[in-house]
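Student: starting from these lines, generate the structure:
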Amino acid sequence: MTDNHQLNNFRVGDLNPSQLLYGFGVGAIVDLPHISVIVSGLDDWTKDPNYVREIKEDRLLLGLKAVVGSHIQRMYSLPFKPEFGSSNPLEQEALVGVPVGTFPKWMFCPACHILASLDTGVFELRPDLYHPDRTRYVHSNCRIARNKAPTVLPARFLVACEKGHLDDFPWIDFVHHFGEQPCSGTPSVTLQEYGPSGEARDLFIFCETCEKRRQMAEAFGRDNREKMPTCTARRPHLHDTDPDSCNLKMRPILLGASNLWFSQVMSTISIPDSSDRLVVLINDNWGMINDIDSLDTLKYAQKRGDLKAFTGFPLEEILAAIISKKESGAANAVVDIQPDLLMPEWKAFSTGDVQLRATDFLIRKVSAPGNYKSLISKVVLVDRLREVKALAGFTRIDSPSELDETSEDQRIDAAPLSRSNVNWLPAVEVRGEGIFIQIDEEKIQSWLSKPAVQEQQRLFFNAHVAWRTARNFSNPAADFPGMRYVLLHTFGHILMRQIVLECGYTQASIRERIYSRSSEADGGPMAGILLYTSAPDSEGTLGGLVNLGLPDILGHHISAALYDATLCTSDPTCSEHRPEYGNATLHAAACHACTFAPETSCEKGNRYLDRAVLVDTISNNEISFFG
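Tutor: Numbering: from 1, shown residues only. Below you'll find the predicted structure:
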């Protein structure tokens with residue numbers, strides 16, 4: 001990571017690729033030991049082929065074009081330093097990374113309690129090239145700590161809005177009641193604390209020039225927000241102000257608040273287009289041969305040694321396959337309809353075609369566990385898979401809905417990743433292994449027809465509408481997944497919790513992918529789950545997870561997971577929870593003690609979960625699928 005404040009460029013910290021996609025992407029604030037920085041927009045990122053590489057995944061690229069815009073043409077990896085590069089921090093190579101800028105600009109001196117912007121020159125930057133974690137700002141002329149310059153801290157409060165805008169808290173205007181009683185001199189403000197709690201009610205802003213004082217608590221709350229000024233429409237990650245003015249009121253928010261940044265990530269699992277060996281080889285080696293357009297250039301590539309993988313195939317057939325792929329890519333380039341990312345995955349897993357294989361895709365069918373053959377129709381072990389994930393945007397204040405839904409209202413407040421229409425997006429490719437389990441369709445249809453299940457669906461639907469209404473969705477009744485999804489989703493969660501005890505991976509490293517559709521018009525019916533690992537290196541494919549899919553072992557873990565689901569340490573409170581309890585959550589008998597999974601593992605934010613759809617609980621014994 002590099003800092004671009006006041007033309008100073010230096011390394012200030014390190015993050016791994018997944019963190020830059022899910023927690024600290026473009027527009028997010030990263031808290032470092034002594035400063036806070038905001039990740040800059042894509043306009044400032046490097047595209048030097050020495051430090052980034054293009055990631056190929058045609059299906060995901062089509063999805064990004066439909067969601068973000070037709071100008072998206074490529075996906076690039078995150079910038080990385082060469083493995084055997086120079087360690088000299090003064091060389092240009094040492095500055096390769098994700099660009100960031102200092103934010104917030106307002107700092108607080110813990111000694112004299114003064115609040116000031118970095119633009120005033122009150123605080124001095126002290127970088128440490130050899131120890132990036134020690135980079136800090138100091139107050140050299142502090143009137144309290146005269147013998148040493150205390151390290152200043154970022155101001156704790158910011159202002160944001162639902163359109164993704166972010167700015168420093170208006171300290172001077174706030175203490176002067178936004179111009180109602182302007183200060184006659186050059187204001188100097190301090191932050192005073194009159195209590196041990198650190199809460200807003202114990203904090204006061206004091207102007208030393210005119211001696212006005214105001215409590216920070218007056219900025220928080222629904223009623224107080226109406227008294228705040230209109231949003232400045234500032235976009236610090238893009239170093240500009242939104243040309244479309246914002247009509248929302250500023251919303252005070254704490255630095256480090258969990259709702260300050262939510263990523264919008266699209267992902268897909270790479271599925272071979274064909275079981276034809278030549279087509280698979282073309283896809284695997286596309287990075288080396290994508291510029292070949294004639295038989296002569298193909299012969300030259302053969303002499304250069306680029307076609308070793310194609311041994312045995314005539315050059316004419318190889319050229320025809322290359323041209324065919326280019327033509328299909330050109331045809332897809334004009335498509336503006338979001339492709340179905342799940343359908344190819346479902347077809348590959350549900351058919352279990354072992355001939356459909358590639359370097360990063362290898363599956364095999366095994367028998368369903370004996371005790372569950374009447375309910376589970378298929379188990380497929382995925383010995384090798386490749387997942388590509390791309391950052392499509394981000395939101396503030398409210399978490400975005402999943403991008404595989406069809407509603408347009410879910411994306412109207414997504415903040416842009418760049419000032420101009422750059423033709424690329426940052427992406428990460430990871431490899432792993434997994435277990436695919438398909439539930440018998442007839443059993444699901446029989447279960448869905450039960451009156452008690454239909455009544456539970458009514459409760460979930462009402463909660464779904466209330467949840468979306470509270471978040472200002474234009475069509476609250478849309479995109480309801482139904483009880484089929486609740487069943488598969490909950491089953492995936494309890495099984496994830498069980499198998500992490502045996503496979504050696506942490507719970508956060510195992511993810512779910514739910515295939516749930518009832519309508520044939522949407523490509524259904526689908527009823528399956530994929531539990532898989534994903535890591536940027538070979539650790540994702542060590543076999544610890546896939547071996548648990550063998551019939552006897554999987555049957556044991558399913559039984560253990562269902563047994564544990566009958567009771568929760570939070571019962572009876574957990575089992576008595578109903579979907580319609582408020583609009584902050586959207587689940588029934590589920591909680592952190594029994595069913596919830598890490599945010600990076602769950603595709604629905606721990607919504608649409610209910611242990612009672614799987615087994616009898618102490619509060620509900622009428623809707624269990626497994627009995």
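
Student: quick one: buried residues of stretch 461-481?
Tutor: Neighbour counts over stretch 461-481 (16 or more other C-beta atoms under 10 Å) mark 461, 463-468, 471, 473, 476, 478-481 as buried. No exception for glycine: its C-beta is placed from N, CA and C like everyone else's.

Student: ok, now stretch 289-309?
Tutor: 289, 292, 298, 301, 307.

Student: again with stretch 486-506
Tutor: Under the neighbour-count criterion of 16+ other C-beta under 10 Å, stretch 486-506 has 486-500, 503, 505 buried.

Student: verify the contact between residue 508 and residue 602 for me.
Tutor: No: using C-beta atoms under 8 Å, residue 508 makes no contact with residue 602, being 10.5 Å away.

Student: the buried residues of stretch 486-506 in helices, which ones?
Tutor: The helices, defined by DSSP state H, take in 486-500, 503 from the buried residues of stretch 486-506.

Student: which of the buried residues of stretch 289-309 lies closest to residue 529?
Tutor: Set against residue 529, the nearest of those by C-beta to C-beta is residue 289 (36.5 Å).

Student: gap between the closest residue to that closest one other than its chain neighbours and residue 297?
Tutor: Distances taken as C-beta to C-beta, 6 or more residues apart in numbering put residue 322 closest to residue 289, at 6.0 Å, once the chain neighbours are dropped. The gap separating residue 322 from residue 297 is 10 Å, by C-beta to C-beta, to the nearest Å.

Student: which of the ones in helices among the buried residues of stretch 486-506 sits closest to residue 549?
Tutor: residue 499 (9.2 Å).

Student: that closest one is in contact with residue 548, isn't it?
Tutor: Yes: contact criterion C-beta under 8 Å: residue 499 and residue 548 qualify, at 5.3 Å.

Student: which residues are in contact with each of those two?
Tutor: Residues touching both residue 499 and residue 548 by C-beta atoms under 8 Å, 6 or more residues apart in numbering: residue 557.

Student: so which elements touch the helix or strand hosting residue 296?
Tutor: Secondary structure from DSSP states H and E places residue 296 in helix 295-304. Contact partners of helix 295-304 among helices and strands, from 3 or more C-beta pairs under 8 Å, 6 or more residues apart in numbering; DSSP states H and E: helix 315-332.

Student: what's the following helix or strand after the helix it packs on?
Tutor: That would be, after helix 315-332 and using DSSP H and E, helix 342-351.

Student: what number of residues lie near residue 116?
Tutor: By other C-beta atoms under 10 Å, 21 other residues sit near residue 116.

Student: could you check how far it is from residue 126?
Tutor: According to C-beta to C-beta, residue 116 and residue 126 sit 16 Å apart.

Student: what is the nearest of the buried residues of stretch 461-481 to residue 366?
Tutor: Proximity of the buried residues of stretch 461-481 to residue 366 (C-beta to C-beta) peaks at residue 481, which lies at 28.5 Å.

Student: any idea of the pLDDT on that closest one?
Tutor: pLDDT recorded at residue 481 is 92.

Student: which SS state does the residue lying closest to it once chain neighbours are set aside fall under?
Tutor: Counting by C-beta to C-beta, 6+ apart, residue 608 is the residue found nearest to residue 481 once chain neighbours are left out, at 5.8 Å. Three-state call for residue 608 (DSSP: H, G, I helix; E, B strand; the rest coil): coil.
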